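Visitor: Need coordinates for the below:
(one chain, ligands or ions: 1)
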Amino acid sequence: VDGSVLDREETYEDATSTAEFLLSRTDHRPTIGIICGSGLGGLANVLTDTDSFEFRDIPNFATSTVPGHASKLVFGSLQGKTVVVMQGRVHMYEGHTAKQVTFPVRVFKLLEVKILIVTNASGAINRTYKMGDLMVICDHINLVGLAGLNPLVGDNDSRFGPRFPPMSSAYDNDLRSIGLKLSEELGMKEFVREGVYSFQSGPMFETVGECRLLNVLGADVVGMSTVPEVVAARHCGIRVFGVSVVTNCCVMELDSDDQEPSHDEVLEMGEKRSADVQRLISKFVGKIID
Ligand SMILES: O=P(O)(O)O[C@@H]1C[C@H](O)[C@@H](CO)O1
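Guide: Sure, this is the predicted structure:
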């Protein structure tokens, strides 16, 4: 597959050699990893004292082909903490396997990252949500993973985690409380929600019937990423905090005049909210004990 670098299952040894590659080229020893969603990579630009690597120069990393995903791994300082930021991510719809998409998370584990912060763009299923809202993710619905396309399928390497990991508290309760309290302190209460992210593989946006189905299932938003990374992180014991930017409202009625979603609209709204996301995540990093 174009852009994919491994044609076999990524192993613990692959992750070890990638981690060693990075550790020999930076003095940073991050305890917090951050993955930036569509239009949200600006966060990497507020780090200081940075060491930056193009994904294509990192052994075993895949490269993103999606506009709005810079494909850089940036180490640096943020609010007095050492962090590693993926400025952009790769998605399964680009042709990568779930294991390739989550390989960076396993490398984070070997770098001794303890907390993963994930951001993404999503479409609103919940009819009370508005474009531009931020949603602290409290749970996910992994339709793709439930159907068998997930990074934990295949041999389990117990050096990463157990064969049967629980996912019932995937999004850390304490981290969510800190994030929500902080959003109030920052005057964001009016547009910050807490809700459920549902994952579909993409790259097509959803039909009306699919949106209605997701609504019945209890989803508040839908997107095309994040969940594989969260599954891999929880498997290896990394705590997770997630924020989704509602970049568009899903079309819930056939033959309506509602605007159809487009990636341009997603990027535009992602960039509009990017300063707020940066502010929230930066202060959050400053507050948490890693
Ligand atoms: O990486 P994220 O989940 O933020 O990207 C979303 C999902 C698709 O990649 C794209 C659709 O516009 O944005």
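Visitor: is it true that Tyr93 touches Met224?
Guide: Yes: with contact defined as CB atoms under 8 Å, Tyr93 and Met224 form a contacting pair (6.1 Å). Where C-beta positions appear, they are placed from N, C-alpha and C, glycine not excepted.
Visitor: Now do the shared contacts for the two.
Guide: Both Tyr93 and Met224 are contacted by Ser201, Gly202, Pro203, under the criterion CB atoms under 8 Å, 6 or more residues apart in numbering.
Visitor: Surely Gly218 and Gly195 touch.
Guide: No: contact criterion CB under 8 Å: Gly218 and Gly195 do not qualify, at 9.3 Å.
Visitor: Name all residues that make contact with Leu78.
Guide: Applying CB under 8 Å, 6+ apart to Leu78 gives the contacts Ile32, Val46, Leu47, Thr48, Ser282, Val285, Gly286.
Visitor: now the residues you listed as CSV including distance to the ligand, pLDDT and secondary structure?
Guide: Shown next, in CSV, are the contacts of Leu78 (distance: CB to the nearest ligand atom, whole Å; pLDDT from 0 to 100; DSSP: H, G, I helix; E, B strand; the rest coil):
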residue, distance to the ligand, pLDDT, secondary structure
Ile32, 19, 98, strand
Val46, 19, 94, helix
Leu47, 20, 97, coil
Thr48, 25, 97, strand
Ser282, 19, 97, helix
Val285, 19, 97, helix
Gly286, 24, 96, helix
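Visitor: how about the residues you listed in JSON lines, adding neighbour count?
Guide: Converted to JSON lines, the contacts of Leu78 look like this (neighbours: other CB atoms under 10 Å):
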{"residue": "Ile32", "neighbour count": "25"}
{"residue": "Val46", "neighbour count": "14"}
{"residue": "Leu47", "neighbour count": "23"}
{"residue": "Thr48", "neighbour count": "7"}
{"residue": "Ser282", "neighbour count": "17"}
{"residue": "Val285", "neighbour count": "22"}
{"residue": "Gly286", "neighbour count": "12"}
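Visitor: For the stretch 1-150 of the chain, which segments are assigned as strands?
Guide: For the stretch 1-150 of the chain, the strands defined by DSSP state E, counting those that start in this stretch cover 32-35, 48-54, 72-78, 81-87, 115-124, 134-142.
Visitor: circling back: who has more neighbours, Tyr93 and Met224?
Guide: Using other CB atoms under 10 Å, the more surrounded residue of Tyr93 and Met224 is Met224, with 24 against 16.
Visitor: burial measure for the residue found closest to the more buried one once you drop the neighbours it is linked to in the chain, as a count.
Guide: Using CB to CB, 6 or more residues apart in numbering and skipping the chain neighbours, the partner closest in space to Met224 is Gly202 (3.3 Å). Residues contacting Gly202 under the criterion other CB under 10 Å number 17.
Visitor: in the stretch 51-200 of the chain, which spans are helices?
Guide: For the stretch 51-200 of the chain, the helices defined by DSSP state H, counting those that start in this stretch cover 98-110, 143-146, 173-185.
Visitor: what's the shortest one packed up against?
Guide: Yep, that's helix 143-146 we're talking about. Counting contacts by 3 or more CB pairs under 8 Å, 6 or more residues apart in numbering; DSSP states H and E, helix 143-146 packs against strand 192-199, helix 227-235.
Visitor: which residues are contacting that helix?
Guide: Residues outside helix 143-146 that contact it (CB under 8 Å, 6+ apart): Met92, Ala98, Asn150, Ser198, Phe199, Gln200, Ser201, Val227, Pro228, Val231.
Visitor: Most neighbours among those, which one?
Guide: Val227 (31 neighbours).
Visitor: Please report how far whatever residue of the stretch 1-150 of the chain ends up closest to the ligand lies from Leu254.
Guide: Minimum separation of the stretch 1-150 of the chain from the ligand (CB to the nearest ligand atom) falls at Gly37, amounting to 2.7 Å. Distance of Gly37 to Leu254, computed by CB to CB, to the nearest Å: 29 Å.
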